[in-house]
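1. what's the 3D shape of this:
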Amino acid sequence: MRNISIIAGRELAGYFRTPSGYLIVAATLLVQGLLFNTRAMGSGAKLSSQVLQDFLRDSSGTTTVAAVLLAMRLFAEERQSGTLTLLFTSPVRESQVVIGKFLSAFVVLAILILMSLYLPALIFVNGKVSVGHIAGGYLGLLLLGGAALSLGLLGSALARSQLVAGVLSAVFIFVLFLSWALSRVVDPPLGSVIEYFSLYERHFFPFMRGLVQLSDIVFYLSVMYLALLASTRVVQSERWQ
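-> Residues are numbered from 1 along each chain as shown. Reported below is the predicted structural model:
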């Protein structure tokens with residue numbers, strides 16, 4: 001745990017020592033605010049619950065993009081700067097490196113997600129919505145963001161540059177995004193199997209409606225575990241080449 005906390009602290013400081021972390025947070029909050037006013041609130045009379053659902057749907061996209069931007073530097077930047085070799089020669093296990101880097105980015109992403117809470121709070125000015133609905137939606141955003149972040153970390157572990165890491169991360173997420181559309185044109189039972197891997201419609205939309213289901217939580221945690229495990233294997237193979 002001590003090695004993980006040291007690595008996480010080092011990476012977390014890196015986000016706040018450079019403008020990149022602040023720019024990602026500021027840009028994401030700006031886009032979320034614009035989408036909230038133009039799409040969630042600004043498209044005619046709606047029920048308060050529908051406004052919240054529209055906000056959460058838009059926020060799922062901005063959260064995913066922010067997760068990729070936060071994750072793509074984690075390994076790729078160190079390769080470009082040549083500091084990854086120093087990290088590999090230190091007395092830490094590969095799993096500790098991966099978990100430490102993931103936790104640092106997840107802390108920044110969680111801060112970003114929680115900073116947007118003022119937007120659904122504005123619904124109470126002229127409407128009424130369940131606090132449980134907001135809590136369920138934000139739990140979904142944290143889980144979705146963590147899954148996207150772990151896939152972004154895998155892309156960064158595989159890539160030699162941040163640009164390639166971003167492209168790989170987007171491909172991983174896009175494949176899971178397309179699984180819903182693919183399941184619509186594939187006959188059962190294969191269609192049901194493919195549908196299960198849908199990152200958004202199958203597993204995030206219940207959170208968007210305020211429904212917290214154990215199966216959806218397990219899915220996102222499984223994506224995180226498998227992506228972090230794959231990242232660890234990639235780092236191990238590179239370390240011992």
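2. Scan this protein for its longest helix.
-> Determined from DSSP state H, the single longest helix within the chain is helix 131-158.
3. other SSEs contacting that helix?
-> Applying 3 or more Cβ pairs under 8 Å, 6 or more residues apart in numbering; DSSP states H and E, one finds that helix 131-158 contacts helix 48-71, helix 94-115, helix 162-185, helix 205-208, helix 214-239. Bear in mind the C-beta positions are built from the backbone N, C-alpha and C, glycine included.
4. can you tell me the average pLDDT over that helix?
-> For helix 131-158, mean pLDDT is 93.
5. quick check, distance from it to the centre of its chain.
-> 4 Å (Cα atoms, centre = their mean, to the nearest Å).
6. what's the angle from it to helix 94-115?
-> Counting by axes from the mean of the first three to the mean of the last three Cα atoms, to 10 degrees, helix 131-158 points 140 degrees away from the direction of helix 94-115.
7. what's the spacing between the most centrally placed residue in the chain and residue 186?
-> Nearest residue to the geometric centre of the chain (Cα atoms, centre = their mean): residue 145, 2.2 Å. Computed with Cβ to Cβ, to the nearest Å, the distance linking residue 145 and residue 186 is 29 Å.
8. same question, residue 137
-> For residue 137, the distance to residue 186 (Cβ to Cβ) stands at 30 Å.
9. More neighbours: the two, which one.
-> residue 137 (26 against 14; other Cβ atoms under 10 Å).
10. right, and that one touches residue 210 too?
-> Yes: in this structure residue 137 lies within contact range of residue 210 using Cβ atoms under 8 Å: 6.6 Å.
11. Do I have it right that residue 147 meets residue 199?
-> Yes: shown here, residue 147 and residue 199 form a contact pair, counting by Cβ under 8 Å, at 6.7 Å.
12. Need the overlap of contacts for the two.
-> Contact criterion Cβ atoms under 8 Å, 6 or more residues apart in numbering; residues shared by residue 147 and residue 199: residue 223.
13. circling back to that earlier point, nearest to residue 14, of the helices and strands packed on helix 131-158?
-> helix 94-115 (7.8 Å; Cβ to Cβ).
14. Just name the shakiest helix or strand of this structure by mean pLDDT.
-> Least confident helix or strand, the chain: helix 84-88 with a mean of 66, by mean pLDDT, DSSP states H and E.
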